[in-house]
Each structure stands twice: as C-alpha cells, then as structure tokens.
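Asks: Here is the input, now give the coordinates:
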Amino acid sequence: MYSLGENNIEERLIKTFNKDGLAVTFTLKERFYGQRIDPICADECFRHFSSFLSRRIYGSANKRFNKKHPFFYSIEKGSLGRFHAHTLIPFPSKSRVHFFNFKNVVLEEWRKIRWANDVVKVNYLHDCEGWVRYCLKQRTKVSGVFDAVGWYE
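Replies: Here you go, the predicted structure:
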C-alpha cells in the first residue's frame with residue numbers, strides 16, 4: 001500500500017507506467033446539447049474511454065476476466081476555460097504493436113465519447129518520468145491533483 005503524498009503517487013505512477021506507449025492530450029467540448037461540461041462529466045468521459053479501449057483491446061476477456069488496459073489521465077482546465085486531459089496509454093503487452101495502428105485504435109475509441117473534441121495530440125512516449133511530472137503539475141488543476149488524476153492498472 002502507499003500513502004497519499006504527491007511524491008508517492010508520482011513514484012507509483014512512474015513505476016507502473018514505465019513502458020512504451022502513447023502520450024496523448026485530449027480536449028473536450030465545452031457544451032453538448034446545451035449542457036456545460038464540469039469536472040464530474042470530464043472524469044466520467046475518461047472512465048468511459050478506458051472501458052471502450054479495454055473492450056477493444058481484450059475483447060470478451062474484458063468482460064469475462066475483468067481485464068482492463070492500464071491507463072492514466074490528468075484532467076485540467078486551460079486558461080481559456082476548456083477542459084483537456086493529458087493521458088498515458090501503454091502499448092498492449094500481448095504482442096508487438098505498431099505505433100500508428102495503436103494510435104488509430106485510440107482515436108477511434110475516443111470518437112465514441114459524446115464530449116470528445118477533434119483536437120487531439122498524440123506522441124510516442126519518450127520520457128515517462130517527465131510526462132508523469134508534467135501531468136501532475138498544480139497550476140491548471142481545477143481542484144487539486146487528487147481530484148484531477150485517475151488511473152487503471
């Protein structure tokens with residue numbers, strides 16, 4: 001078990017997600033059929049996205065054996081008031097995966113989310129430590145790091 005100090009979370013995330021993968025920044029729509037987005041809706045979007053991605057990668061094993069793909073996200077609100085999230089998505093470990101194929105899978109699953117905006121920046125994860133530290137930065141979090149961060153192992 002680990003304590004809830006920020007440094008311990010940072011160390012745990014670096015140890016868990018220190019694999020090849022994607023560093024992705026997703027943006028969210030500000031309104032959807034008249035409803036304004038809030039931090040709760042934003043968090044719900046990424047829980048749904050994680051579920052869609054796990055189902056796409058593991059197929060029926062996702063439901064039968066509760067297999068989930070590891071996923072880390074950090075929700076932020078930019079200076080213009082638009083919600084976005086920095087995510088870390090490791091490549092599936094079951095086989096060798098080509099960057100562009102996995103990128104396309106991630107983008108297809110993202111488009112299924114109703115709050116999904118088309119502005120997405122996808123990069124190969126070169127520096128896991130640096131990306132995790134960037135995701136955990138304080139200045140653009142709505143209500144602190146602990147409310148803005150979520151992950152699935």
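
Asks: all helices for this protein, in order.
Replies: 6-16, 39-58, 60-64, 99-110, 128-135, 145-148 (DSSP state H).

Asks: Point out where this structure drops to low pLDDT.
Replies: 1-7, 94-95, 139-148 (pLDDT under 70).

Asks: how about the chain, which residue sits the furthest from its center?
Replies: No residue in the chain sits farther from the centre than G34, which is 25.4 Å out by Cα atoms, centre = their mean.

Asks: one step back: identify whichever of the helices of the chain lies nearest to E76.
Replies: Among these, helix 145-148 comes nearest to E76, with 6.7 Å by Cβ to Cβ. The C-beta positions use only the backbone N, C-alpha and C, and glycine is treated the same way.

Asks: thinking again about what came up before, would you turn the helices of the chain into JSON lines with mean neighbour count and distance to A23?
Replies: Output for these, formatted as JSON lines (neighbours: other Cβ atoms under 10 Å; distance: least, Cβ to Cβ, whole Å):
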{"stretch": "helix 6-16", "mean neighbour count": "15", "distance to A23": "13"}
{"stretch": "helix 39-58", "mean neighbour count": "18", "distance to A23": "15"}
{"stretch": "helix 60-64", "mean neighbour count": "12", "distance to A23": "24"}
{"stretch": "helix 99-110", "mean neighbour count": "16", "distance to A23": "11"}
{"stretch": "helix 128-135", "mean neighbour count": "18", "distance to A23": "5"}
{"stretch": "helix 145-148", "mean neighbour count": "15", "distance to A23": "17"}
